[in-house]
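Participant: need a structure here:
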Amino acid sequence: MDTINNPGFNIEKFLANAGVGRSILHLAPKQTFYSQGDPSDSVFYLQKGRARITVVSQAGKEATISLVSEGDFVGEDSLAITPVRRLATATAITECTALKISQKEMLRVLHEEHDFSDMFMTFLVKRSMRIQADLVDQLFNSSEKRLARILLLMAEFGQPGEPVTLIPKISQESLAEMIGTTRSRVNFFMNRFRDLGFIDYDKRIRVHQSLLNVILHERSTYTDPDDPTVL
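Facilitator: Reported below is the predicted structural model:
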């Protein structure tokens, strides 16, 4: 027997407003949505702002594993069949507005509203493709190309609409964590990108489309004989 969608259900309204099992949160930069080890009991829909997902090893080393922006879901691990605890920490980079959806309400809507299920499945597939691309980037690209890719992603080049060239404030330490290198190498390549006119930065980083040259061209802007990952 075919299931008919609820004609009164509107995805945009559902994700924009508080209601049963849903509440609106406002977070300042550096505030957390949740922390590693917390009970995984809700999903967040980011209505506005930027955030990052980090993990901390047993030795205390922190690594950024993903960036999320407006229109992304965060904390979908709460939908696992068995109860789990958060495997990572989600922290606001900029001021954020998010819809917090309880696990129970999220599962209900996924089961009852097929349009919503289709939309959420599309998001999960895109997230999976992004994770695969991140892994390939980490395994095969030089630290210079990895840095260029992160800056372009933060500027949203390649996304629908106009790119946001002035990216959220982020430290070189955080960039180094995200691409798996040292702060000194990030500083070197940032200065190199600026000298070549690919970026401008003082307190904030402005990314120019010409930075795509680092990704598209096979050779690096700099050859370092001590770094075998530089192409």
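
Participant: Tell me how many other residues surround Leu25.
Facilitator: With neighbours defined by other Cβ atoms under 10 Å, the count for Leu25 comes to 15. For glycine as for every other residue, the C-beta is placed from the backbone atoms N, C-alpha and C.

Participant: wait, what's in contact with it?
Facilitator: Going by Cβ atoms under 8 Å, 6 or more residues apart in numbering, Leu25 touches Phe33, Phe44, Cys96, Thr97, Ala98, Leu99, Lys100.

Participant: Could you export these as a markdown table, including pLDDT, secondary structure and distance to Met178?
Facilitator: A markdown table is the format used below for the contacts of Leu25 (pLDDT from 0 to 100; DSSP: H, G, I helix; E, B strand; the rest coil; distance: Cβ to Cβ, whole Å):
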| residue | pLDDT | secondary structure | distance to Met178 |
| --- | --- | --- | --- |
| Phe33 | 98 | strand | 18 |
| Phe44 | 98 | strand | 21 |
| Cys96 | 97 | strand | 19 |
| Thr97 | 98 | strand | 24 |
| Ala98 | 98 | strand | 21 |
| Leu99 | 98 | strand | 26 |
| Lys100 | 98 | strand | 26 |
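
Participant: Leu67: which of those is nearest?
Facilitator: Cys96 (12.6 Å; Cβ to Cβ).

Participant: So the closest one sits against Leu27, correct?
Facilitator: Yes. Applying Cβ atoms under 8 Å, one finds Cys96 in contact with Leu27, separated by 4.4 Å.
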